[in-house]
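Peer 1: need a structure here:
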Amino acid sequence: MKYDLIDNTLFIKNRKNFMAQMKPKSLAVFNSNDTYPVSADSTLPFEQHRDIFYLSGVDQEESILVLFPDCPKEQYREILFLTETNDHIAVWEGEKLTKEKALATSGVKTVFWLQDLEKVFAELMTYADTVYVNTNEHYRQSVALETREDRFTKWWKAKYPAHSVAKSNPILQRLRSVKDSIELDLMQKACDITNKGFRRVLGFVKPGVWEYEIEAEYMHEFLRNRSKKFAYTPIIASGNSANVLHYIENKNQCKDGELILMDVGAEYANYASDMTRTIPVNGRFTDRQKDVYNAVLRVKDEATKMLVPGTMWEQYHVEVGKLMTSELLGLGLLDKVDVQNENPDWPAYKKYFMHGTSHHIGLDTHDYGLLHEPMRANNVFTVEPGIYIPKEGFGIRLEDDLVIQENGAPVNLMGDIPITVEEIEDLMNK
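Peer 2: Okay, the predicted model is just below:
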């Protein structure tokens, strides 16, 4: 891996916290993701399942973690199953985890090769009454493929039909949403790399560049700072393309007088950053662009102050809507009649700001977190208001990543990334 070895006390603690919430005489199984084929002998780059990574730090295909805190055999309370490595694999594919390196990575003392899985699992099932399955219950999930996790669940249910089933996901939703200090350091690293990419782009953009060239500048800076990729598909949207919320073609030439909305973020050690900045192609905002930009920035700054323990996600968005309504009135985009006659289910401000303001971020860009529960210290949320005006040919969104504190204002992991009109114009016109 490109990233430095992570302190395995993180994964030891994560497993301890998970097992503390398991039912008596139960075991939980976590599988790695598949390596997905493209065609012929080609595959997509492997991406580890975030849950097994969260609990073990193992970043390798065909890995399985089993947790069984009540197992009468102490050595079986935490087990990793890995593909056996050898000299041939090392030559053709690169070195895989040895048992010793798996221990150093994860803190799991018992490591078996995958060939021993069925035999060991059969013994474990004689001691267990319940098996936790790891389903994906994220509020935005839309997975159509059968995963390695799904196939494993089918297999053990057919072989051991008398066992009860429980769900891992509700436990993980709570645990993963509250970040450890080690995780926050990793997320800060991802944000710092994003900062370097943005500053590089500020010195590169001028009339005539292409959106994909800007994307390449980010990728250059990310790779040279030990990030393997963008944390999500980047949006580099100039002109009216900024009014397409998920514009990812990045195919147009940037013209004098236009703005470029850039929604990008580096990953580091599988942790995501998520930044949006909007900059002028020629290095100077027009007065109108500046007015809209500062309106968005004010909403972002005021929304950020609401990220405190106890805030409810739905009510937070209602309050942000009020802030945005006030700004849109000031910009002349709405009038009082629009607001008086608005549909409560789709308020007037939604014509110009139609998406949500915040989401959890961590190992996933849209990370785990139970939105019906109050915000807690060490939750990490984005704040990303926007105003989109197709008739005027531009859209503006600004976004940072914030850590909720026990007391006081949240900490901005992107506090060093330029955001004001003055900062951006100064850097673009050096």
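Peer 1: find the centremost residue of the chain, please.
Peer 2: Nearest to the geometric centre of the chain sits residue 365, at 1.7 Å (C-alpha atoms, centre = their mean).
Peer 1: would you agree that one is in contact with residue 232?
Peer 2: Yes: assessed by C-beta atoms under 8 Å, residue 365 is found in contact with residue 232 at 4.6 Å. In short, each C-beta sits where N, CA and C put it, glycine included.
Peer 1: quick check: longest helix of the chain.
Peer 2: helix 181-202 (DSSP state H).
Peer 1: any buried residues in the helix or strand harbouring residue 293, and which?
Peer 2: Taking DSSP states H and E as the definition, one finds residue 293 inside helix 287-305. Across helix 287-305, burial judged by 16 or more other C-beta atoms under 10 Å covers 289, 292-300, 302-304.
Peer 1: who's in contact with it?
Peer 2: 259, 278, 280, 285, 316, 319-320, 323-324, 327-328, 330-331, 357-358, 383-387, 389, 392, 394, 396-400, 402, 409-410, 412, 419-421 (C-beta atoms under 8 Å, 6 or more residues apart in numbering).
Peer 1: and the residues you listed, which are buried?
Peer 2: Of those, these count as buried by 16+ other C-beta under 10 Å: 259, 278, 280, 285, 316, 320, 323-324, 327-328, 331, 357-358, 383-387, 389, 394, 396-400, 402, 410, 412, 419, 421.
Peer 1: that older thread, and the helix or strand following the helix holding residue 293, C-alpha only, in PDB?
Peer 2: Under the assignment DSSP H and E, the closest C-terminal helix or strand after helix 287-305 is helix 313-330. Below are the C-alpha coordinates for helix 313-330, written out as PDB (Å, rounded to 0.1, in the frame of the first residue of the first chain):
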ATOM      1  CA  TRP A 313     -30.000  16.100  10.900                       C
ATOM      2  CA  GLU A 314     -33.500  16.800   9.500                       C
ATOM      3  CA  GLN A 315     -34.100  19.900  11.600                       C
ATOM      4  CA  TYR A 316     -30.600  21.100  10.700                       C
ATOM      5  CA  HIS A 317     -31.600  21.100   7.000                       C
ATOM      6  CA  VAL A 318     -34.800  23.000   7.800                       C
ATOM      7  CA  GLU A 319     -32.700  25.700   9.500                       C
ATOM      8  CA  VAL A 320     -30.200  25.800   6.600                       C
ATOM      9  CA  GLY A 321     -33.200  26.300   4.300                       C
ATOM     10  CA  LYS A 322     -34.200  29.400   6.200                       C
ATOM     11  CA  LEU A 323     -30.700  30.800   5.800                       C
ATOM     12  CA  MET A 324     -30.600  30.100   2.100                       C
ATOM     13  CA  THR A 325     -34.100  31.600   1.600                       C
ATOM     14  CA  SER A 326     -32.900  34.900   3.200                       C
ATOM     15  CA  GLU A 327     -29.800  35.000   0.900                       C
ATOM     16  CA  LEU A 328     -31.900  34.200  -2.200                       C
ATOM     17  CA  LEU A 329     -34.200  37.100  -1.300                       C
ATOM     18  CA  GLY A 330     -31.200  39.400  -1.000                       C
END
